[in-house]
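>>> Here is a sequence together with a model predicted from it:
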Amino acid sequence: MPELPEVETVRRGLAARMEGRRIAQVEQRRGDLRWPLPPHFDMRVAGRVVDRIDRRAKYLLFRLDDGQTLIGHLGMSGRMYLAAPGTAPSAGAHDHLRFHTDEGWVITFHDARRFGMMDLWPTERLDEHRLLKDLGPEPLSNAFNGPALSEALAGRQTPIKAALLDQKVVAGLGNIYVSEALFHAGISPKRQAASVAGARALRLAPAIKQVLERAIAAGGSTLRDYVQASGELGYFQHQFAVYDREGQPCPDCACRRGIKRLVQSGRSTFYCPKRQT
DNA sequence: ACGAGAACCTGTTTGC
DNA sequence: TGCAAACAGGTTCTCG
């Protein structure tokens, strides 16, 4: 499910019902996620007020009122379901955690593949957390721009597709939005990252920002299941130019060859060979 | 140090 | 139709 636009959409949905609310109860049904939950996770979270929910890259950051932050990642298949008081179905398979607010809302963390994770960490030392400390700039921040991207790509001997998936270069892109951004910037996914440094990076950085902003505005992309905490679908998949569109015509040049798929570092890439060079 | 591939899991789709 | 292989929105870890 989740790249940056999906995580941001989930964050907004959760914030509406969790910020300023006390977590009255935590049901811990399964603790072996990507890593084991920290000791006494449920007891440490129960009774705390969620002051604010932030996002860093694809991580959700629940700032608790005791100086700890609950760090959460949805992995590949993780979802957060929000249910109004009295409407939550009983916990089912892969519902690993359920948080009950003092108003009776139920937030369910569901993750079939268990690539997701949760941890608790002191808020004031958050940037020292091993999963957060090496993350690159937020793509929608002012710190991320053409010159900064150019510098990050300089000298890298790997295809630009792989470089953009590296969260140290820019934090929050995943397999969908890398393909989409490269299409809009007219850059081949096979091009060496080092050769994108310079003029091409000046095109690519705004393309990344724009595709992410448009995706957030559409509530993210729903490929196989719900995205938003409310259960609503995302709609950006209808605006994909290339992702999962192998064989279909390029929306820009309408060339006969159509969108091509290739596999790079084990993952599908979609692109238009005519428009992207 | 860097980059490619394996590994972690389960569910769904595809192909013979 | 049935079964096995391939594939899925991520990221760390290992190895060369």
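Arrived safely, thanks for sending. Numbering: from 1, shown residues only, chains lettered A, B, ... in the order given.
>>> Which residue, neighbours along the chain excluded, lies closest to the residue of chain A found nearest DNA strand B?
Proximity of chain A to DNA strand B (Cβ to the nearest atom of the strand) peaks at A:Arg113, 3.2 Å away. For glycine as for every other residue, the C-beta is placed from the backbone atoms N, C-alpha and C. Using Cβ to Cβ, 6 or more residues apart in numbering and skipping the chain neighbours, the partner closest in space to A:Arg113 is A:Ser77 (4.3 Å).
>>> wait, the one you found sits on A:Asp111?
Yes - with contacts counted by Cβ atoms under 8 Å, A:Ser77 reaches A:Asp111, the gap being 5.6 Å.
>>> who's more crowded, these two?
Higher neighbour count among A:Ser77 and A:Asp111: A:Asp111, with 25 against 17, using other Cβ atoms under 10 Å.
>>> Spell out which residues of the stretch 51-200 of chain A are next to DNA strand B.
Counting by Cβ under 7 Å from any atom of the strand, the stretch 51-200 of chain A comes close to DNA strand B at A:77, A:93-94, A:112-115, A:156-159, A:162, A:193.
>>> Taking the residues you listed, tell me the two that lie furthest apart.
Spanning the widest gap among these are A:Ala93 and A:Gln157, at 43.9 Å by Cβ to Cβ.
>>> The residue nearest to A:Arg113: what's it in contact with?
A:1, A:111-113, A:115-116 (Cβ atoms under 8 Å, 6 or more residues apart in numbering).
>>> What distance do you get for A:Val170 to A:Ala207?
According to Cβ to Cβ, to the nearest Å, A:Val170 and A:Ala207 sit 12 Å apart.
>>> more neighbours, those two?
Between A:Val170 and A:Ala207, A:Val170 has the larger neighbour count (other Cβ under 10 Å), namely 27 against 17.
>>> And that one, its phi and psi?
For A:Val170, the backbone dihedrals (degrees, to the nearest 10) come out as phi -150, psi 140.
>>> my guess is it contacts A:Phe144, does it?
Yes - in this structure, A:Val170 is within contact of A:Phe144 by Cβ under 8 Å, at 6.1 Å.
>>> and A:Gln25, that one's in a strand?
Yes - the assignment for A:Gln25 by DSSP: H, G, I helix; E, B strand; the rest coil puts it in a strand.
>>> what sits against it?
Counting by Cβ under 8 Å, 6+ apart, A:Gln25 makes contact with A:46, A:99-100.
>>> closest to A:Phe62 among the residues you listed?
Of those, the one sitting nearest to A:Phe62 (Cβ to Cβ) turns out to be A:Phe99, at 9.3 Å.
>>> host element of that closest one?
Using DSSP states H and E, A:Phe99 falls within strand A:95-101.
>>> Helices of chain A, residue ranges please.
A:4-18, A:41-45, A:146-153, A:160-165, A:175-185, A:199-217 (DSSP state H).
>>> and those as JSON lines, adding distance to DNA strand C?
Below are the helices of chain A laid out as JSON lines (distance: least, Cβ to the nearest atom of the strand, whole Å):
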{"stretch": "helix A:4-18", "distance to DNA strand C": "5"}
{"stretch": "helix A:41-45", "distance to DNA strand C": "19"}
{"stretch": "helix A:146-153", "distance to DNA strand C": "16"}
{"stretch": "helix A:160-165", "distance to DNA strand C": "6"}
{"stretch": "helix A:175-185", "distance to DNA strand C": "4"}
{"stretch": "helix A:199-217", "distance to DNA strand C": "10"}
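>>> Out of those, which is closest to A:Lys260?
With respect to A:Lys260, and counting by Cβ to Cβ, the nearest of the helices of chain A is helix A:175-185 at 11.0 Å.
>>> So which residues make contact with that closest one?
A:3-5, A:160-161, A:164-165, A:173, A:188-189, A:200, A:203-204, A:207-208, A:210-212, A:215, A:221, A:240-243, A:252, A:267-272, A:275-276.
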